[in-house]
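1. Based on what follows, work out the 3D shape:
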Amino acid sequence: SMEESDEEDVLDSRRWKGISYTDGSMYEGEWAAGQKAGRGVLALANGAKFIGEFQEGLPSGLGCHLFHGGYYLGQFRAGAYDGFGVYTRTGLGEFAGVFRDGNIDGPGVVSYPDGSRDEGVWAGLSLVRQCDGATAQSAAYDTRDKARALIATFCGTEDAL
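-> Next up is the predicted model:
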């Protein structure tokens, strides 16, 4: 009954829940205090998908955002790419480094399909200053691997990544 589930939410006991939204999106995962909390999968109507950790209803922590033509694996905060991560666009290349509030913002490396690369400090796709981006790239790859490992604990989709 509904009363029973509210009681569980008040006690903040995480449980697995599947839910469909009127906008066509679907969530399957852990649920607490009336919202997405813990590990889960959010599939959007446009085909995009978030797999990973949620806090207060939003992607926060480690996860993967799969979208048409690419994916991001790394850290999230309040629903946005934030921290170390790797952003890959099929046929265009990847950025491995630092993100803030959903944007590339800080040190990292862009690797192009032809094998060439640009490294330094970035603001969006603009290279602000050329310098060694390998440390940030390495941290981003470590974070990506942690996100993959997390996803593998509860979801079979890590094979695609």
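2. CA atoms for contacts and neighbours, from now on please.
-> Noted.
3. For the helix or strand harbouring residue 153, list every residue counted as buried.
-> Element membership for residue 153, per DSSP states H and E: helix 134-154. Taking 16 or more other C-alpha atoms under 10 Å as the basis for neighbour counts, the residues of helix 134-154 that come out buried are 134, 136-144, 146-148, 150-151.
4. Kindly report the same for stretch 35-53.
-> When burial is assessed from 16+ other C-alpha under 10 Å, stretch 35-53 yields the following buried residues: 36-44, 49-53.
5. Kindly report the same for stretch 81-96.
-> In terms of neighbour count (16+ other C-alpha under 10 Å), stretch 81-96 has its buried residues at 81-89, 93-96.
6. just stretch 59-79 next, same as before
-> Neighbour counts over stretch 59-79 (16+ other C-alpha under 10 Å) mark 59-66, 70-79 as buried.
7. Show me the residues you listed that map onto helices.
-> In helices, judged by DSSP state H, none of these are found.
8. all helices for this structure, in order.
-> For the chain, applying DSSP H gives helices covering 2-10, 134-154.
9. gap between residue 47 and residue 26?
-> Applying C-alpha to C-alpha, to the nearest Å, the value for residue 47 to residue 26 is 11 Å.
10. which residues sit against stretch 138-149?
-> Residues outside stretch 138-149 that contact it (C-alpha atoms under 8 Å, 6 or more residues apart in numbering) are 52, 62-64, 73-75, 84-86, 96-98, 158, 161.
11. Try it again at 6 Å.
-> Taking C-alpha atoms under 6 Å, 6 or more residues apart in numbering as the criterion, the residues outside stretch 138-149 that touch it are 62, 63, 73, 74, 84, 85, 96, 97.
12. Going by residue numbers, what spans are strands in the chain?
-> Per DSSP state E, the chain has strands spanning 15-20, 26-32, 35-43, 49-55, 58-67, 70-77, 80-89, 93-100, 103-111, 117-123, 126-130. These are given in chain order.
13. For these, give me CSV that also has mean pLDDT.
-> Supplementary listing: the strands of the chain in CSV, determined by pLDDT from 0 to 100:
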stretch, mean pLDDT
strand 15-20, 88
strand 26-32, 93
strand 35-43, 94
strand 49-55, 96
strand 58-67, 96
strand 70-77, 97
strand 80-89, 97
strand 93-100, 97
strand 103-111, 97
strand 117-123, 96
strand 126-130, 95
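14. Just the closest of the buried residues of helix 134-154 to residue 110, please.
-> Within the set of the buried residues of helix 134-154, residue 137 lies nearest residue 110; the separation is 9.1 Å, counting by C-alpha to C-alpha.
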